[in-house]
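Participant: 3D, please:
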Amino acid sequence: MIKVIKRIIKILLIIVIIAWVAIVITDYLGVINNKQAKFCIKRETINTETKKTERCIGLGYFAERYYKNGELSGYEFRPFFMKSKNAEN
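Facilitator: Numbering: from 1, shown residues only. From the prediction side, this is the model:
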């Protein structure tokens with residue numbers, strides 16, 4: 001009985017990991033193709049006079065798109081434990 005429960009837990013853990021990887025890959029591909037991330041826990045927009053940052057906080061990652069004077073100037077997709085290269089935003 002305990003072996004069956006352990007096996008079920010292992011299978012569920014593998015399914016969760018595979019689903020998380022699929023979510024991360026989907027959002028990464030969306031961000032690099034100039035689309036919004038789909039699986040956001042929280043969305044933020046930071047506006048200044050000439051710059052705009054759209055930030056998506058996902059499950060263990062940040063997806064950010066940077067605009068300067070209304071045009072896309074870059075994007076960043078990083079794990080939650082890394083600091084942004086664009087520190088002023």
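
Participant: which residues of this protein fall in helices?
Facilitator: Using DSSP state H, the helices found in the chain span residues 2-32.

Participant: so where's it shaky on pLDDT?
Facilitator: 86-89 (pLDDT under 70).

Participant: go again with 50.
Facilitator: The model of the chain has pLDDT under 50 over residues 89.

Participant: Provide a list of residues in contact with the closest residue to residue 62 other than its chain neighbours.
Facilitator: Leaving aside its sequence neighbours, residue 62 sits nearest to residue 78 (C-beta to C-beta, 6 or more residues apart in numbering; 5.5 Å). Yep, even glycine has a C-beta here, placed from its N, CA and C like the rest. Contacts here follow C-beta atoms under 8 Å, 6 or more residues apart in numbering; on that basis residue 78 touches 61-62, 64, 84.

Participant: is the nearest residue to residue 44 once chain neighbours are set aside in a bridge, and if so with what?
Facilitator: Closest residue to residue 44 apart from its sequence neighbours, by C-beta to C-beta, 6+ apart: residue 55 at 4.4 Å. Beta-bridge partners for residue 55, by DSSP bridges, are residue 44, residue 64.

Participant: and residue 55, how many neighbours?
Facilitator: Residue 55: 19 surrounding residues under other C-beta atoms under 10 Å.

Participant: these two touch, right, it and residue 63?
Facilitator: Yes - with contact defined as C-beta atoms under 8 Å, residue 55 counts as touching residue 63 (7.4 Å).

Participant: rewinding a little: neighbour count added to the contacts of residue 78, as CSV?
Facilitator: Shown next, in CSV, are these (neighbours: other C-beta atoms under 10 Å):
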residue, neighbour count
61, 20
62, 18
64, 22
84, 14
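
Participant: among the residues you listed, find me the one that's closest to residue 1.
Facilitator: The closest of those to residue 1 turns out to be residue 61 (C-beta to C-beta; 38.5 Å).

Participant: the closest one against residue 79, yeah?
Facilitator: Yes - counting by C-beta under 8 Å, residue 61 touches residue 79, with 5.5 Å between them.

Participant: related to what we said a few turns ago, closest one of the contacts of residue 78 to residue 42?
Facilitator: Of all the contacts of residue 78, residue 42 sits closest to residue 62, with 10.2 Å by C-beta to C-beta.
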